[in-house]
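Chemist: Predicted model follows, preceded by the sequence.
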Amino acid sequence: MNKKLISVLTVLAVISISLLVFGMVYQNQLPKIVEEINNSSIGAILTAIITVLLLSQQSSTEEIKEKNVKVFEEKSGKFNLFIEKLWEIWDDRVVSLEELNEIIKMVSKDIVLYTKPETVDIILLKLITIAEQATPDKSSIKDTEATKIIQQNIFDIINELAKEIGLGGELRPEIRSKL
């Protein structure tokens, strides 16, 4: 519709400008009222063209903004679910290979779609480090060194997700020790 409206307004502007040119060429032989009507219509047509262009630009900008808001909401929801799952798995301070498999599924299903490739690489490296410390089953054997390594990598994953979403929060070493 915008293209049709712009086309019609352009045709009207061309007609009005040609009347103005004819008036000049024929040395003001046109009646004064025709000149005034023509001048008024030129102003109205130019105003209408500018208004249509501004409104169409505003509409497209608003569509992009709405899309970005929806993507952000979806992204933050997926990240929150992933972080909740990390905390749930970390509750007993032991990570089994089965739990790690669940996390990797979540990364491949939900996180990869919304993050930059660099962030995904960092998350996967952290998960590999966690996998090296994970136990084959859910045994209650707790190695304090392995626990610290797993905890550090979980916090690093959370920090990467916070950077990705632009929240600015970070689990610094002093906060990590308190947790």
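Modeler: Sure, I can see it.

Chemist: Which secondary structure state does the residue nearest to the spatial centre of the chain sit in?
Modeler: With distances taken as C-alpha atoms, centre = their mean, the residue of the chain nearest its centroid is residue 68 (3.9 Å). Classification of residue 68 by DSSP: H, G, I helix; E, B strand; the rest coil places it in helix.

Chemist: Tell me the confidence at it?
Modeler: If you check residue 68, the pLDDT there is 90.

Chemist: for the one 3 residues further on, same thing?
Modeler: Predicted confidence (pLDDT) for residue 71: 90.

Chemist: Am I right that it is in a helix?
Modeler: Yes - Residue 71 sits within a helix when classified using three-state DSSP.

Chemist: who's in contact with the residue nearest to the centre of the chain?
Modeler: Not one residue lies near residue 68 by C-beta atoms under 8 Å, 6 or more residues apart in numbering. Every C-beta, even on glycine, is put in place using the N, C-alpha and C of the backbone.

Chemist: how close does it sit to residue 147?
Modeler: 40 Å (C-beta to C-beta, to the nearest Å).

Chemist: What are the buried residues along the helix or strand where residue 98 lies?
Modeler: Using DSSP states H and E, the secondary-structure element containing residue 98 is helix 97-106. By neighbour count with 16 or more other C-beta atoms under 10 Å, helix 97-106 contains the buried residues 99, 100, 103, 104, 106.

Chemist: average pLDDT for that helix?
Modeler: The model assigns helix 97-106 a mean pLDDT of 89.

Chemist: can you check stretch 162-177 too?
Modeler: Rounded mean pLDDT across stretch 162-177 is 67.

Chemist: quick one: low-confidence parts of this structure?
Modeler: Scanning the chain for pLDDT under 70 picks out the ranges 1-2, 23, 26-30, 34-35, 137-142, 167-179.
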